[in-house]
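Asks: Give me coordinates for this.
(chains A, B, C and D)
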2 protein chains.
Amino acid sequence: MVATALDILRERVILASIKDVAEAAGVSIATVSRALSGRGNVSATTLAAVRRAAHELDYVVSASASGLASGRTRNIGVLVPMINRWYYGSVLEGISAALMREGYDTTLYQLSKEVDQREKVFSDFLLRQRVDAVIAVNVELGEAEMKALHALDKPLVGVGGPLPGAPTLFWDEEAVAALATEHLIALGHTRIAHIGGSQETDQDFHLPTRRRAGYERAMREASLTVDDRLYLGADFSMAQGYQAAKQLLGHPVNRPTAIFAASDEMAIGAMLAARDLGLQLPHDLSVIGIDNHELADMFGLTTIEQRPHQQGETAVAMLLRTIRGLEPAQGHPIEHRLIVRSSTTRPPA
Amino acid sequence: MVATALDILRERVILASIKDVAEAAGVSIATVSRALSGRGNVSATTLAAVRRAAHELDYVVSASASGLASGRTRNIGVLVPMINRWYYGSVLEGISAALMREGYDTTLYQLSKEVDQREKVFSDFLLRQRVDAVIAVNVELGEAEMKALHALDKPLVGVGGPLPGAPTLFWDEEAVAALATEHLIALGHTRIAHIGGSQETDQDFHLPTRRRAGYERAMREASLTVDDRLYLGADFSMAQGYQAAKQLLGHPVNRPTAIFAASDEMAIGAMLAARDLGLQLPHDLSVIGIDNHELADMFGLTTIEQRPHQQGETAVAMLLRTIRGLEPAQGHPIEHRLIVRSSTTRPPA
DNA sequence: GACAGATATGTAAGCGTTTCCAGAGTGACA
DNA sequence: TGTCACTCTGGAAACGCTTACATATCTGTC
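Replies: Residues are numbered from 1 along each chain as shown, chains lettered A, B, ... in the order given. Down below sits the predicted model:
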């Protein structure tokens, strides 16, 4: 019988257990466990022998057995409301890369819109004793959910959203929004519109409200009137940003000279709308967004940078401090940075 | 001492074990296991008693213990090259939602660009016996990696990329590209440019090459000459699509009347470039992409739809068939659909 | 050279399940 | 009434580790 390429693939490996390693190295299984896990004293020669045996047998510790015996799983649960948006994808990439570097697995719990599915995450999935800790990304939790999370009695870190009772990496949303607005004010704009969140988006996370508050504060501090007709809600997507901008710019009276959008995607939508209306950018209209989305550079969009990948990495670092029993990390604000590109300029004379 | 809101959160739950449930229900632990897992015979009354006891004690089976004893983990490993792109995020959402519905956890293995990290996925992470099966999304695996994957001897399903020896959900890339090209030909175009992949992108997955082949086949079948000057490589991003289109359209001689881009993002970049050059769309230039990206609708982009969320769901269904011991699913092509919007029209007279 | 303290190793008791096996009970049938 | 087949249940042996405890060996000190 001729071995085909596929036959070779089928070549199956019998997994070695700690016992096999112990025999091969000529020591007890307790010593193997100590040598490989780095807990307890092992002489240098024994350590070397065990390592070599383990390597030759392709031994990898069984997660179930180790987890059952020790209560540690080397696995972290990550709670996200969705995955296929640039922000969440980037945070996840950061988290997953950092965890892998530290030898941890990442298991993903997407909080579905379907209520019973969402409930199951808290009542079943997280209770299976599969994770050592939880990172919650930008999720607004109900009281029962918070209780369930804390009842796990496992380290917990929040990213983005507020997470009562747990260290959280948060953006000072108000300050960020104020900064964006102040940038426009400093350029001389007075009629500044804001495209923020809608009723709907605000239920998920209160961020739009806080950004709007920052915008209004900056306006007032500059003694500019806040005109409700210059506020429009949208769902943070490019398409709705486009719609909202058309609405704002199409009105014959008192057209704004600048738009502050609560996300880069909406800001880009606004730029496209202005162009379609025949406005010259940035001469006739300045636009600023928030995120430093990967598309911002291409559109020359002035924005405020948040680095989601970095946030994911930082959250992992905070979590590991706690897991390793170091003084637990404190929640703290994420730094932000204004990136000025070509989409903002002085208002037309 | 007054209980604050945070104190309430700290209220800790002692986890019940199967023994507690057995005592509460007045049966043996073996019976509880049978009742709750649905394996083996249990009388209706016993079943009810066990269920009630389990519910009252908030009992959830320990993943480690169950995994150790049975070898089943109720956890699926998902291999992806990256996360923060619309396509991957959407596939992941589909996979994760479908798995959760079935009571499975999803653990994420992002194949890093760093070689040693990538190697660790195959040599350590996947061998920890933490997963029951693996879904590989659009990853081009080396021979050693394929061997490692098959050596796990666990069900394996591929999405997108080719996965020798495992059922794969794949796109007929050539047919899709040919269809896009034929759409333009049918409208009367003869000078059709193609923006495809670059050397670099092709190393990751051979998809750009196959798409180019489809384009050339369609051209030849229509007796049109394939002009190498009408091919440009890019990295599938909007920015590089923009650059490539500027290059193609800026040339004074023999400007193409249509562009087929191998991704919607590149196609949108091309549309923006054309606009910036003062061309009237779609009159002066037709553009077609591939993906039906979430932005395609807003830009009126004609495209060929692939539904990544759906693909994720389907992959899970295929996997579960195998896990459950049903006749394992066969790999098969994903259906595709031409969606005609306003970005394509007849060439200028 | 005796002894304390540190270091290295082995023994064995879990960890919380699943599942094989045996035995008890039940009903059908001759 | 005895036998067989079937359903239901419990006892107990895994599953592959970690770790408390006991023991043995090695330092250095006086």
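Asks: For the helix or strand hosting A:G196, list every residue counted as buried.
Replies: Here A:G196 sits within strand A:192-197, counting by DSSP states H and E. The neighbour-count check on strand A:192-197 (16 or more other C-beta atoms under 10 Å in any protein chain shown) flags A:I192, A:A193, A:H194, A:I195, A:G196, A:G197 as buried. For the C-beta atoms, the positions are set from N, CA and C on the backbone; glycine is no exception.
Asks: so what strands line up beside that strand?
Replies: In the sheet, strand A:192-197 lines up against strand A:231-234 (parallel), strand A:258-261 (parallel) (DSSP bridges).
Asks: Just give me how far the first one sits from the chain centre.
Replies: The gap between the average C-alpha position of strand A:231-234 and the chain average comes to 24 Å, counting by C-alpha atoms, centre = their mean, to the nearest Å.
Asks: what residues does that strand touch?
Replies: For strand A:231-234, the surrounding residues in contact (C-beta atoms under 8 Å, 6 or more residues apart in numbering or on different chains) are A:193-199, A:201, A:208, A:212, A:240-241, A:243-244, A:247-248, A:266.
Asks: Please repeat the previous calculation with a cut-off of 10 Å.
Replies: Identification of contacts with strand A:231-234 by C-beta atoms under 10 Å, 6 or more residues apart in numbering or on different chains yields A:193-202, A:208, A:212, A:215-216, A:240-245, A:247-248, A:259, A:261-263, A:265-266, A:269-270.
Asks: mean pLDDT for the strands paired with strand A:192-197: which is lowest?
Replies: Among these, strand A:231-234 carries the lowest mean pLDDT, at a mean of 94.
Asks: which phi and psi does A:D284 have?
Replies: Main-chain dihedrals, A:D284, degrees, to the nearest 10: phi -80, psi -20.
Asks: quick one: secondary structure of the nearest residue to it once chain neighbours are set aside?
Replies: Using C-beta to C-beta, 6 or more residues apart in numbering or on different chains and skipping residues adjacent in sequence, the residue nearest A:D284 is A:P348, 6.1 Å away. Here A:P348 is recorded as coil under DSSP: H, G, I helix; E, B strand; the rest coil.
Asks: Return the residues in contact with A:P348.
Replies: A:T257, A:Q280, A:P282, A:H283, A:D284, A:L285, A:S286.
Asks: Please apply the same query to A:F236.
Replies: Counting by C-beta under 10 Å, 6+ apart, the residues that A:F236 touches are A:85, A:87, A:195-198, A:201, A:207-208, A:261-266, A:269, A:291.
Asks: Mind doing that once more with 6 Å?
Replies: Contacts for A:F236 (C-beta atoms under 6 Å, 6 or more residues apart in numbering or on different chains) come out as A:S263.
Asks: would you say it is within a strand?
Replies: No. Read with three-state DSSP, A:F236 is coil and lies in no strand.
Asks: Check the spacing between the closest residue to A:G214 other than its chain neighbours and A:L338 real quick.
Replies: Closest residue to A:G214 apart from its sequence neighbours, by C-beta to C-beta, 6+ apart: A:A177 at 2.9 Å. The gap separating A:A177 from A:L338 is 12 Å, by C-beta to C-beta, to the nearest Å.
Asks: Looking at those two, which has the bigger crowd around it?
Replies: The neighbour count for A:A177 versus A:L338, taken as other C-beta atoms under 10 Å in any protein chain shown, is higher for A:A177 (28 against 15).
Asks: Which positions in the stretch 51-200 of chain A make contact with chain B?
Replies: Contacts of the stretch 51-200 of chain A with chain B, taken as C-beta under 6 Å from any C-beta of the partner chain, map to A:60, A:62-65, A:67-68, A:83-84, A:86, A:89-90, A:92-93, A:96, A:105-108, A:110, A:124, A:127-130, A:146, A:150-151, A:153, A:165.
Asks: Report the buried members of those.
Replies: A:60, A:62-65, A:67-68, A:83-84, A:86, A:89-90, A:92-93, A:96, A:105-108, A:110, A:127-130, A:146, A:150-151, A:165.
Asks: hmm, back to that, which ones among the contacts of strand A:231-234 map onto strands?
Replies: Counting by DSSP state E, the members of the contacts of strand A:231-234 that fall within strands are A:A193, A:H194, A:I195, A:G196, A:G197, A:I259, A:A261.
Asks: related to what we said a few turns ago, mind putting the buried residues of strand A:192-197 in CSV, pLDDT and distance to A:D235 included?
Replies: Shown next, in CSV, are the buried residues of strand A:192-197 (pLDDT from 0 to 100; distance: C-beta to C-beta, whole Å):
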residue, pLDDT, distance to A:D235
A:I192, 97, 21
A:A193, 97, 17
A:H194, 97, 15
A:I195, 97, 11
A:G196, 93, 11
A:G197, 86, 8
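Asks: What is the most widely separated pair among those residues?
Replies: Maximum pairwise distance in these, criterion C-beta to C-beta, is 17.3 Å, between A:I192 and A:G197.
Asks: Which of the residues of the stretch 51-200 of chain A next to chain B fall in helices?
Replies: Among those, DSSP state H puts A:63-65, A:67-68, A:86, A:89-90, A:92-93, A:96, A:146, A:150-151 in helices.
Asks: Around A:T45, count how many other residues there are.
Replies: Residues lying near A:T45 (other C-beta under 10 Å) number 8.
Asks: Pretty sure the residue nearest to A:G214 sits in a helix.
Replies: Yes. According to three-state DSSP, A:A177 belongs to a helix.
Asks: Residue ranges in the stretch 101-250 of chain A under the pLDDT threshold?
Replies: Across the stretch 101-250 of chain A, the ranges flagged by pLDDT under 70 are A:200-205.
Asks: Closest one to A:G160 out of the buried residues of strand A:192-197, please.
Replies: Distances from A:G160 to the buried residues of strand A:192-197, taken by C-beta to C-beta, are shortest for A:G197, at 14.3 Å.
Asks: Quick one: the strands in chain A, in order.
Replies: Using DSSP E, strands in chain A cover A:75-80, A:105-110, A:133-137, A:156-159, A:168-170, A:192-197, A:231-234, A:258-261, A:286-288, A:303-305, A:332-333, A:337-339.
Asks: Who are the contact partners of A:R130?
Replies: So A:R130 contacts A:T73, B:A63 (C-beta under 6 Å, 6+ apart).
Asks: how about 10 Å then?
Replies: Contacts of A:R130 (C-beta under 10 Å, 6+ apart): A:63-64, A:67, A:73, A:75-77, A:105, A:107, B:62-64, B:67, B:73-75, B:105, B:107, B:130.
Asks: Could you verify my assumption that A:A16 touches B:Q129?
Replies: No. Assessed by C-beta atoms under 10 Å, A:A16 is found out of contact with B:Q129, at 11.9 Å.
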